[in-house]
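K.L.:
give me a model of this one.
(2 chains)
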Amino acid sequence: DTAVSQTPKYLVTQMGNDKSIKCEQNLGHDTMYWYKQDSKKFLKIMFSYNNKELIINETVPNRFSPKSPDKAHLNLHINSLELGDSAVYFCASSQDWGGTETQYFGPGTRLLVL
Amino acid sequence: DAKTTQPPSMDCAEGRAANLPCNHSTISGNEYVYWYRQIHSQGPQYIIHGLKNNETNEMASLIITEDRKSSTLILPHATLRDTAVYYCIALSSGSEKLVFGKGMKLTVNP
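P.N.:
Residues are numbered from 1 along each chain as shown, chains lettered A, B, ... in the order given. Here you go, the predicted structure:
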């Protein structure tokens, strides 16, 4: 059984479009995250939600809007896509909030903006 | 959180032990040493963590020096599937988030 799943795995789209990436975890965790890994392979946290509440927002453009309908889901909606948004986006979850909580990552969504 | 330093890359022969070093000379008493790895095109994977005692699990062993200024992750019998970027991260219990550095690329050769 997949612990943290993301859809789609690949996403190719034109500049200016709006797209969403979905994430689901079946681990019963309270905290979920979105990370971005750019072309230089740096992995950076974007958002963190704990019990559906936003607790970390790392200076991400407001074109990015996370939504957590319930504890098991954290979706990422991106408006007006730009070339620089091309990256791999990873979702993760942990039992509770905090850096020392072991995080379980999804397989990633590879976004290419043309 | 304390800064960690890792060599950029390392090679290891398949079947041999891989010893991955990490320096964290400014680590404070309440900071843990965490190891994650990222196999190509996959999400990062937790490996192990420790505070001051050596730790072992089914994946690896973590040896932390007595002064806690450095540590070594040991993969006892490296396989080709262990080829990955390995991240050593120092975290206190109050850390808000996991911060990944550049990591170290381990290549296991046949």
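K.L.:
name the residues of the least confident helix or strand in chain A by mean pLDDT that are buried.
P.N.:
Within chain A, no helix or strand scores below strand A:53-57, which has a mean of 86 by mean pLDDT, DSSP states H and E. For strand A:53-57, burial by neighbour count (16 or more other Cβ atoms under 10 Å in any protein chain shown) applies to A:I56. In short, each C-beta sits where N, CA and C put it, glycine included.
K.L.:
ok, B:H24 touching B:C88?
P.N.:
Yes - assessed by Cβ atoms under 8 Å, B:H24 is found in contact with B:C88 at 7.3 Å.
K.L.:
which residues are in contact with each of those two?
P.N.:
B:4, B:33, B:71 (Cβ atoms under 8 Å, 6 or more residues apart in numbering or on different chains).
K.L.:
what's the burial count for the nearest residue to the last one once chain neighbours are set aside?
P.N.:
Once its chain neighbours are removed from consideration, B:S71 has its nearest residue in B:I64; the separation is 4.5 Å (Cβ to Cβ, 6 or more residues apart in numbering or on different chains). Look at B:I64: counted by other Cβ atoms under 10 Å in any protein chain shown, it has 21 neighbours.
K.L.:
separation between B:I64 and B:M104?
P.N.:
Look at B:I64 and B:M104: by Cβ to Cβ, to the nearest Å, they are 17 Å apart.
K.L.:
which stretches in chain A count as strands?
P.N.:
Counting by DSSP state E, chain A has strands at residues A:4-7, A:10-13, A:19-25, A:31-37, A:43-50, A:53-57, A:64-70, A:73-78, A:87-94, A:104-105, A:109-113.
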